[in-house]
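Trainee: Pasting the sequence and the predicted coordinates here, then a few questions.
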Amino acid sequence: MIEAQFGDTIMVHYVGTLDDGSRFDSSTASSPLVFKVGEGDVIPGFEEAVIGMRPGESKSIRIPMEEGCGPRDEGKVGMVPRDELPPDVDPEPGLMIQVNHPDGNVEVITIVNVSETTVVLDANHPLAGKDLNYEIELLEIF
């Protein structure tokens, strides 16, 4: 039977959870994830886990934070004057906003706290500092 290898395009279903059991992502309620192994479209630990899997096979993996979204960096948390936000943004804690940089990069920033004059922003990935657990089912190799 064929096994997934570097360079293969594959289709998987997955469920991602944190150590407390909370689900942070899943493909089961939507479309399966399709990606080419080795292209870097998914985090490295996920990509490495599918190598050698066969269609119909399932696997549980744990990706330490260092190999997932990395550790939290408190240097990415800062306060800005509220009037520096775009006028169409009604800031509230938990709101994620997209920032387009002049070099073309796009960054998603989370609003952490809001006062009358300032807003605390966090540019860390929401999963930074967390170990990630995945249940992966390989559906198909193309």
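Mentor: Sure, I can see it. Quick caveat, the model's predicted, so the values are computed rather than measured.

Trainee: The helix or strand of the chain with the lowest mean pLDDT pairs with which strands?
Mentor: Every helix and strand of the chain was ranked by mean pLDDT, DSSP states H and E. The lowest is strand 96-100, at a mean of 89. Sheet pairing for strand 96-100, assigned by DSSP bridges, gives strand 106-114 (antiparallel).

Trainee: What are the buried residues along the strand it pairs with?
Mentor: The neighbour-count check on strand 106-114 (16 or more other Cβ atoms under 10 Å) flags 109-111, 114 as buried. Heads up, the C-betas are built off the backbone N, CA and C, glycines and all.

Trainee: and which of these is nearest to Glu140?
Mentor: Thr110 (35.3 Å; Cβ to Cβ).

Trainee: For Gly129, see how far away the closest one is.
Mentor: 13 Å (Cβ to Cβ, to the nearest Å).

Trainee: one step back: mind putting the buried residues of strand 106-114 in a markdown table, distance to Gly45 and pLDDT included?
Mentor: Compiled in a markdown table, these are given as follows (distance: Cβ to Cβ, whole Å; pLDDT from 0 to 100):
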| residue | distance to Gly45 | pLDDT |
| --- | --- | --- |
| Ile109 | 25 | 95 |
| Thr110 | 24 | 96 |
| Ile111 | 29 | 96 |
| Val114 | 35 | 96 |
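
Trainee: now do the same end-to-end measure for stretch 100-111.
Mentor: 16 Å (Cα to Cα, to the nearest Å).

Trainee: Mind listing residues that contact the helix or strand harbouring Val120?
Mentor: Assigned by DSSP states H and E, Val120 belongs to strand 118-122. With contact meaning Cβ atoms under 8 Å, 6 or more residues apart in numbering, strand 118-122 is reached by 76-82, 85, 91, 109-114.

Trainee: Stretch 96-106 too?
Mentor: 85-86, 89, 107-111, 126.

Trainee: Same check on stretch 67-82?
Mentor: Taking Cβ under 8 Å, 6+ apart as the rule, stretch 67-82 contacts 43-45, 65, 91, 112, 114-132.
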